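1. okay, here's the prediction I keep looking at, along with the sequence it came from:
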Amino acid sequence: MGADQLGVAVVGGGFMATVHSRAARAARARLVGIASSTAEKSAKAADELGFDSGYASFDALLADDSVDVVHVTTPNALHADQAVAALAAGKQVVCEKPLATTVADAERMLEAAGTSVATVPFVYRFHPMVREARARFGDGSAGRVLSIHGSYLQDWLLGADDDNWRVDSTQGGRSRAFADIGSHLVDLVEFVSGDRVARVAATKKTVFAERAAHRDIATEDAVAVVLQTESGAIGTLLVSQVAPGRKNRLHLEIAGSAESVAFDQEHPETLWVGRRSGSLLIPRDADQLHDDAARLCVVPSGHPQGYQDAFNAFVADTYAAIGGTTPDGLPQFADGLRAVRVTDAVLDAAESGSWIEIE
């Protein structure tokens, strides 16, 4: 089945539904329908995003035989049941991260996926310069991993008047900042280095116990992590949604025994390669990159690519997998489960004051 033949439906009508629908359209899928929290909101979202129709309910979406792929973009606590139901209905699934709010639910989702294509949008993998960083560790150019330094900083919840459903643990889950954005950071650490996080120690902070519409908030605004990998490398991670001036600053630097690589998501057109002498700043130029990075360069060098381009590439690879190919680096439910396990370990470490081993 070619991507241009796929019928796509989205459940959830917020910002991420917009991002997913743009990517589906770019992949030449048919936007069949969307289901939001009410029939009226579904109709409005369908009109705004260009879907053929708005469903009166999620059940109506599942009953539509013209839908091949369901994109789940609802609040975190709904992911597991909706994704499992879509898989049981014979649909392929793209489910937002965090994949689930508990390890048990994420395991249930992976089991339900079986041989279906079921992916999770760890889309920063699809920046060409992330693939270039990964290739340098993969081919041995960077040497063995020695240390890791990463951060993901935002400021959209900086004030007490800033609020969102994610602060509510009943909707977002036990973790907020780490599950929401730290999951991206840990995924990149393991994806780029090829080394898995083995144990963590952590501390977390909730800056505001009360916000505009929520009280007794327990989910974290920021978390700091010390880690050790399976190979013995050490590292630190800082994740915060209360960092003034930082909008989406995911920064990752990994030191190898031969060279370091550093990627900054707010400046994604270059990759810094550090050497004892002769450090480089490599531009996003397909002629200078490894093949897997070059294939993701969709516009000529000098014309910036960004977040939506990375998301488009993720969705295109998902649809290609549905068509029978095996794109390298496609994040699937197993990767989503891995992120949930790491998140649980980080929260356990912060709450116990102890190092926590990760499966």
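-> Structure's in. What do you need?
2. strands of the stretch 151-300 of the chain, start to end?
-> Remark: strands assigned in the stretch 151-300 of the chain by DSSP state E, counting those that start in this stretch are 197-205, 222-229, 234-240, 249-256, 260-264, 270-274, 280-283.
3. residue 215 is nearest to which of those strands?
-> Residue 215 lies closest to strand 197-205 among these, at 18.0 Å (CB to CB). In short, each C-beta sits where N, CA and C put it, glycine included.
4. dump the strands of the stretch 151-300 of the chain to CSV, plus mean pLDDT, distance to residue 66 and mean neighbour count.
-> Output for these, formatted as CSV (pLDDT from 0 to 100; distance: least, CB to CB, whole Å; neighbours: other CB atoms under 10 Å):
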stretch, mean pLDDT, distance to residue 66, mean neighbour count
strand 197-205, 98, 42, 19
strand 222-229, 98, 43, 20
strand 234-240, 98, 40, 21
strand 249-256, 98, 37, 21
strand 260-264, 98, 40, 22
strand 270-274, 98, 42, 19
strand 280-283, 98, 43, 14
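5. would you turn these into JSON lines with distance to residue 137?
-> JSON lines is the format used below for these (distance: least, CB to CB, whole Å):
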{"stretch": "strand 197-205", "distance to residue 137": "15"}
{"stretch": "strand 222-229", "distance to residue 137": "12"}
{"stretch": "strand 234-240", "distance to residue 137": "14"}
{"stretch": "strand 249-256", "distance to residue 137": "6"}
{"stretch": "strand 260-264", "distance to residue 137": "8"}
{"stretch": "strand 270-274", "distance to residue 137": "11"}
{"stretch": "strand 280-283", "distance to residue 137": "14"}
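6. which one of those strands lies closest to residue 332?
-> Nearest of these (CB to CB): strand 197-205, 18.6 Å.
7. hang on, the earlier thing: how about the strands of the stretch 151-300 of the chain, which one is nearest residue 33?
-> Of all the strands of the stretch 151-300 of the chain, it is strand 249-256 that lies closest to residue 33, at 32.8 Å by CB to CB.
8. what pairs with that closest one, and is each one parallel or antiparallel?
-> Sheet partners assigned to strand 249-256 using DSSP bridges are listed as strand 145-153 (antiparallel), strand 260-264 (antiparallel).
9. quick check: angle from it to strand 270-274?
-> 30 degrees (axes from the mean of the first three to the mean of the last three CA atoms, to 10 degrees).
10. so how far is strand 249-256 off the chain centroid?
-> Strand 249-256 sits 17 Å away from the centroid of its parent chain (CA atoms, centre = their mean, to the nearest Å).
11. give me the residues contacting that strand.
-> The contact list for strand 249-256 (CB atoms under 8 Å, 6 or more residues apart in numbering) reads 124, 133, 136-137, 142-154, 181, 184-185, 188-189, 192-193, 243, 260-266, 272, 274.
12. and those, which are buried?
-> 124, 133, 136-137, 142, 145-146, 148-154, 181, 184-185, 188-189, 192-193, 243, 260-265, 272, 274 (16 or more other CB atoms under 10 Å).
13. just checking, residue 246 touches residue 154?
-> Yes: counting by CB atoms under 8 Å, residue 154 is a contact partner of residue 246 at 5.9 Å.
14. who's in contact with the residue positioned nearest the centre of the chain?
-> By CA atoms, centre = their mean, the mean C-alpha position of the chain lies nearest to residue 122, the distance being 2.9 Å. Neighbour list for residue 122: 97, 183-184, 187-188, 191, 314, 331, 335, 339 [criterion: CB under 8 Å, 6+ apart].
15. quick one: contacts of the lowest-mean-pLDDT helix or strand in the chain?
-> Lowest by mean pLDDT, DSSP states H and E among the helices and strands of the chain is helix 169-172, with a mean of 95. Helix 169-172 has contacts (CB under 8 Å, 6+ apart) with 75-77, 101, 165-166, 176, 179-180, 218-219.
16. can you say which two of these are spatially most distant?
-> Longest span within these, CB to CB: 75 and 218, 16.6 Å.
17. neighbour count for the two, which is higher?
-> residue 75 (19 against 12; other CB atoms under 10 Å).
18. roughly how far does the more buried one sit from residue 164?
-> 10 Å (CB to CB, to the nearest Å).
19. about what we covered before: overlap in contacts of residue 246 and residue 154?
-> Both residue 246 and residue 154 are contacted by residue 240, under the criterion CB under 8 Å, 6+ apart.
20. domain boundaries for the protein, per the record?
-> For the chain, the structural domains run 3-122, 124-303+331-357, going by automatic domain parsing.
21. I'd like the average pLDDT over the shortest one.
-> What it means is domain 3-122. Here domain 3-122 scores 97 as its mean pLDDT.
22. how far off centre is it?
-> 16 Å.
23. leaving aside the residues next to it on the chain, what's closest to residue 289?
-> In this structure, residue 289 finds its nearest non-sequential neighbour in residue 132, 5.1 Å apart by CB to CB, 6 or more residues apart in numbering.
24. show me the contacts for the one you found.
-> So residue 132 contacts 271, 282, 289-290, 293 (CB under 8 Å, 6+ apart).
25. tell me which residues in the lengthiest helix in the chain are buried?
-> Scanning the chain for the longest helix, with DSSP state H as the assignment, gives helix 333-352. For helix 333-352, the neighbour count (16+ other CB under 10 Å) marks 333, 335-347, 349-350 as buried.
26. show me which of the residues you listed is closest to residue 212.
-> Distances from residue 212 to these, taken as CB to CB, are shortest for residue 347 (24.8 Å).
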